[in-house]
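> I need the structure of the sequence given here:
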Amino acid sequence: MRIIVVEDEPVTRMDIRCILEDAGFEVLGEGKDGFDAINLCKEHQPDMVLMDINMPNLDGISAARIIRRDKLSKCVVLLTAYSDDVFIEGAKKVGVFGYVVKPIDEKGLVPTLKIAYAKALESETTELKLHDVTNRLEERKIIEKAKGFLMQSQNLDEDSAYQKLRSLSMEKSCSLRVISEMVLLQAEKGRKK
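Below you'll find the predicted structure:
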């Protein structure tokens, strides 16, 4: 797994790097604040970012929000000395996949990161499926509208309207959605005249 470590304490950062490399992680870079985290993510597109919350200049929660929003890494895990509800709620709101409380337990860190990454991949798969279903639903609506327009404007039954769209799709080597969108554009132009 390709990872970036962001921690403002150099000794802690070095310890984390050693633990991760010993466990087979590829540490792509290290940073000391949230700005470093964002820049390193833009440069390397890591699988995961392990980042402290309380850092100078830009804190870990704010950096995590940007990293998640801009999809700069699949997984963000926060590292902190604080287990207060305020920090936990902030972490949940930005969509991190893990929260590790210092001092770091060597035996617990690696399994925590592996589970967090598995959850991130699972979440990504779910998002892709949702996006696919949403696209198909939108496509279905467009085709239904185009079919409805053809039924009304050309006095066709539903099957004939659909067959007309399909034959246009094959004839023009365009998807059914593209043909349907063109039919609806023509319908819109006709209404504006």
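> residue 62 contacts residue 33, correct?
No: contact criterion CB atoms under 8 Å: residue 62 and residue 33 do not qualify, at 10.3 Å. Glycine gets a C-beta too; all of them are placed from N, C-alpha and C.
> residue 20 and residue 96, how far apart?
Per CB to CB, to the nearest Å, residue 20 is found 18 Å from residue 96.
> just for this structure, where's the confidence low?
Applying pLDDT under 70 to the chain flags residues 192-193.
> so which residues of it form strands?
Listed in chain order, the strands of the chain (DSSP state E) span 2-6, 26-31, 48-52, 75-80, 98-101.
> from the ones you listed, which stretch is densest packed?
strand 48-52 (a mean of 28; mean count of other CB atoms under 10 Å).
> give the other helices and strands that that one contacts.
strand 2-6, helix 10-22, helix 34-44, helix 60-69, strand 75-80, helix 106-153 (3 or more CB pairs under 8 Å, 6 or more residues apart in numbering; DSSP states H and E).
> may I have the strands that pair with the first one, each with its orientation?
Spelled out, it's strand 2-6. Sheet pairing of strand 2-6 (DSSP bridges) gives strand 26-31 (parallel), strand 48-52 (parallel).
> quick one: the last one to helix 106-153, angle?
Computed by axes from the mean of the first three to the mean of the last three CA atoms, to 10 degrees, the angle separating strand 48-52 from helix 106-153 equals 120 degrees.
> just the C-alphas of strand 48-52, formatted as PDB.
Listed next in PDB are the C-alpha coordinates belonging to strand 48-52 (Å, rounded to 0.1, in the frame of the first residue of the first chain):
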ATOM      1  CA  MET A  48      -3.700   6.300   2.000                       C
ATOM      2  CA  VAL A  49      -2.800   9.400   4.100                       C
ATOM      3  CA  LEU A  50      -2.000   8.900   7.800                       C
ATOM      4  CA  MET A  51      -2.100  12.400   9.300                       C
ATOM      5  CA  ASP A  52      -2.000  14.100  12.700                       C
END
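> tilt between it and helix 34-44?
Using the same axes, to 10 degrees, strand 48-52 lies at 170 degrees relative to helix 34-44.
> okay, angle between strand 48-52 and helix 10-22 too, please.
Using the same axes, to 10 degrees, the inter-axis angle of strand 48-52 relative to helix 10-22 is 160 degrees.
> which residues touch strand 48-52?
1-9, 12, 16, 20, 34, 37, 40-41, 60, 63-64, 67, 73-80, 100, 113, 116-117, 120 (CB atoms under 8 Å, 6 or more residues apart in numbering).
> go ahead and measure how far it is from the middle of the chain.
16 Å (CA atoms, centre = their mean, to the nearest Å).
> could we number from 250 for the rest of this?
All set: I'll call the first residue 250, so the last point we hit is now strand 297-301.
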